[in-house]
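Student: coords please:
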Amino acid sequence: MTDHKKHSRGIHWGWVVLGTSFVTLFVNYSIRIGAYSVLLPKMIQDLGINMTQAGMIRAGYFLTYILFSPLMGWLMDRIGGRFVVSFFCLFLGAGTLLMGQASNLTTAIFYHGIVGIGAAAVWTPISALVQKWFGGNKRGLALGILSPSYALGFGLMGVILPAIVKNYSWRMGWTLLGVSGLILIAINFLLLRDAPEKLGLLPWGETSDPIPSPPLPKVSFHYRDIIKNRTFWLIGASYLFISVAVYIISDLIVTYGVMELKVPYPLASTFISIMALTSIVGGFFLLTISDYIGRAKSLVTIHLLIALSILFIILARGNILLLVIGIGWFGFVYGPIFPMYAACARDYFPKEVAGTVIGLLTLFYGIGAMVGPIIAGRLTDVTGTFRWSFGIGALAALLAGLFIGLLKRPGEILKKED
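Tutor: Reported below is the predicted structural model:
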């Protein structure tokens, strides 16, 4: 305990880790959602592609993302998040730089795939790392503080990128974000640390050694033991369907405004900013509440509200005021979704395999995010409207709520295993 007291003076390093993670996710999501969503209408025009092909570019990103995510979780558990995040930010930055040089569909898919490799090393290790630095009843708070990072990232792009496009081109937008991604290499290497114990600290919010997390059956921490667990598959199925819903809307909302509603490009770009602004409030509020009412119950409610918000967006049609209300509603309940799934993994599985579990769950997330935009793009090309695609998103959100609703409480699982 002497070491704990020795190192606990001043700012707890958990807050430094949280701040560094905030900056990293800010840049990552500026690239991941903001750049793609806002620059997509201009890329479609310049590269001469249709909506199905635009979905293929997105699929290139998520294909590499899901292939590398389990590796990132495994590396996180063995060599730590500091080195994993720092090294793979090279791919994030370099791939984004190359996106500014894409000359056709093939190169755009390939370059976006490189970005996906780098992005796979950002969310999975960081979400697991932050939870190591904060106590059990403070994880929702920490993730709630972290959640505005990605919302601010893609939200500000709705304001900044249209100005860059106007004065330069969509290519310059990718280039500037690529440089930002490369700067993250140094920031993460200098400031991230892998565990509070290595600095003689307890996780922030804990005053004594925590009760060990419930073990998996036979206390075995192998992939096969995780994937045989029913809880893992329920969370994974829910994660897949909600990623379909979320990425159909977030990827296509600006393009929907420009191509179908004929809204001026700068105004349509603010749709993503509105979504981001409301997600900041919703993320902090709903994640904090989830610490008290439970992650599964919170997610069921959120998924139902997501589905209703998408239906509202569809029915709003060209009424800009109603459309903005629907987008704001979607953003508010969208904000806490992905951090809450990370918290679910930590609630239901031992901390020693948190990174591995989150990495495996990200496979489901990536499949949904990869398939969603292709299905949506194809439906849009065939029907000539985005509304059927958005309807698929609403249905997927309802299915996500159904699967997560089948989860038992962590305590009930423990009792059954005992």
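Student: how about the helices in the stretch 101-250 of the chain?
Tutor: Assigned by DSSP state H, counting those that start in this stretch, the stretch 101-250 of the chain shows helices spanning 105-132, 139-167, 170-191, 223-227, 230-255.
Student: least confident of those, on average?
Tutor: Among the helices of the stretch 101-250 of the chain, helix 223-227 carries the lowest mean pLDDT, a mean of 72.
Student: circling back: redo the helices of the stretch 101-250 of the chain as JSON lines? Include mean neighbour count.
Tutor: From N, CA and C alone the C-beta is placed, and that goes for glycine too. Formatted as JSON lines, the helices of the stretch 101-250 of the chain follow (neighbours: other C-beta atoms under 10 Å):
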{"stretch": "helix 105-132", "mean neighbour count": "25"}
{"stretch": "helix 139-167", "mean neighbour count": "22"}
{"stretch": "helix 170-191", "mean neighbour count": "19"}
{"stretch": "helix 223-227", "mean neighbour count": "13"}
{"stretch": "helix 230-255", "mean neighbour count": "24"}
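Student: and of those helices, who's closest to Leu98?
Tutor: Leu98 lies closest, by C-beta to C-beta, to one member of the helices of the stretch 101-250 of the chain: helix 105-132, at 4.1 Å.
Student: now the closest one, how far from the chain's geometric center?
Tutor: How far helix 105-132 lies from its chain's middle: 10 Å, per C-alpha atoms, centre = their mean, to the nearest Å.
Student: same check, this time on stretch 95-113
Tutor: That offset, for stretch 95-113, works out to 21 Å (C-alpha atoms, centre = their mean).
Student: that older thread, Throw the helices of the stretch 101-250 of the chain into CSV and include distance to Ile293, thanks.
Tutor: Listed next are these as CSV, based on distance: least, C-beta to C-beta, whole Å:
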stretch, distance to Ile293
helix 105-132, 19
helix 139-167, 10
helix 170-191, 34
helix 223-227, 26
helix 230-255, 17
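Student: out of the ones you listed, which is closest to Ile404?
Tutor: Across the helices of the stretch 101-250 of the chain (criterion: C-beta to C-beta), the nearest stretch is helix 230-255, sitting at 4.0 Å.
Student: counting contacts, what elements does the closest one pack onto?
Tutor: Applying 3 or more C-beta pairs under 8 Å, 6 or more residues apart in numbering; DSSP states H and E, one finds that helix 230-255 contacts helix 36-47, helix 51-79, helix 265-293, helix 295-316, helix 320-334, helix 337-348, helix 354-383, helix 387-405.
Student: so how far is it off the chain centroid?
Tutor: 10 Å.
Student: ok, which of the helices of the stretch 101-250 of the chain comes nearest Gly19?
Tutor: helix 170-191 (7.8 Å).
Student: show me what the closest one is packed against.
Tutor: helix 13-29, helix 36-47, helix 81-99, helix 139-167.
Student: re earlier: to Asp46, which of the helices of the stretch 101-250 of the chain lies closest?
Tutor: Here helix 170-191 is closest among the helices of the stretch 101-250 of the chain (C-beta to C-beta), at 6.9 Å.
Student: need the residues that contact the closest one.
Tutor: For helix 170-191, the surrounding residues in contact (C-beta atoms under 8 Å, 6 or more residues apart in numbering) are 16-17, 19-20, 23-24, 27-28, 30-31, 35, 38-39, 42-43, 46, 82-83, 85-87, 89-90, 92-101, 118, 157, 161, 164-165.
Student: any idea how far stretch 21-31 is from the middle of the chain?
Tutor: 10 Å.
Student: give me the below-cutoff pLDDT ranges for the chain.
Tutor: 1-10, 136, 205-223, 351-355, 409-418 (pLDDT under 70).
Student: in this structure Leu305 contacts Gly326, no?
Tutor: No - using C-beta atoms under 8 Å, Leu305 is not in contact with Gly326, being 11.6 Å away.
Student: state the number of residues packed around Val23.
Tutor: Counted with other C-beta atoms under 10 Å, residues neighbouring Val23 total 17.
Student: the one 3 residues further on now?
Tutor: The criterion is other C-beta under 10 Å. On that basis, Phe26 has 20 neighbouring residues.
Student: ok, it to Gly283 distance?
Tutor: Look at Phe26 and Gly283: by C-beta to C-beta, to the nearest Å, they are 13 Å apart.
Student: anything in contact with each of the two?
Tutor: By C-beta under 8 Å, 6+ apart, no residue touches both Phe26 and Gly283.
Student: make JSON lines out of the helices and strands packed on helix 230-255 and add distance to Glu197 and mean neighbour count.
Tutor: Below are these laid out as JSON lines (distance: least, C-beta to C-beta, whole Å; neighbours: other C-beta atoms under 10 Å):
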{"stretch": "helix 36-47", "distance to Glu197": "39", "mean neighbour count": "21"}
{"stretch": "helix 51-79", "distance to Glu197": "15", "mean neighbour count": "22"}
{"stretch": "helix 265-293", "distance to Glu197": "23", "mean neighbour count": "21"}
{"stretch": "helix 295-316", "distance to Glu197": "25", "mean neighbour count": "21"}
{"stretch": "helix 320-334", "distance to Glu197": "35", "mean neighbour count": "21"}
{"stretch": "helix 337-348", "distance to Glu197": "17", "mean neighbour count": "25"}
{"stretch": "helix 354-383", "distance to Glu197": "15", "mean neighbour count": "23"}
{"stretch": "helix 387-405", "distance to Glu197": "32", "mean neighbour count": "21"}
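Student: for Lys228, which of these is the nearest?
Tutor: helix 354-383 (12.1 Å).
Student: tell me the angle that closest one makes with helix 51-79.
Tutor: Orientation check (axes from the mean of the first three to the mean of the last three C-alpha atoms, to 10 degrees): helix 354-383 against helix 51-79 gives 180 degrees.
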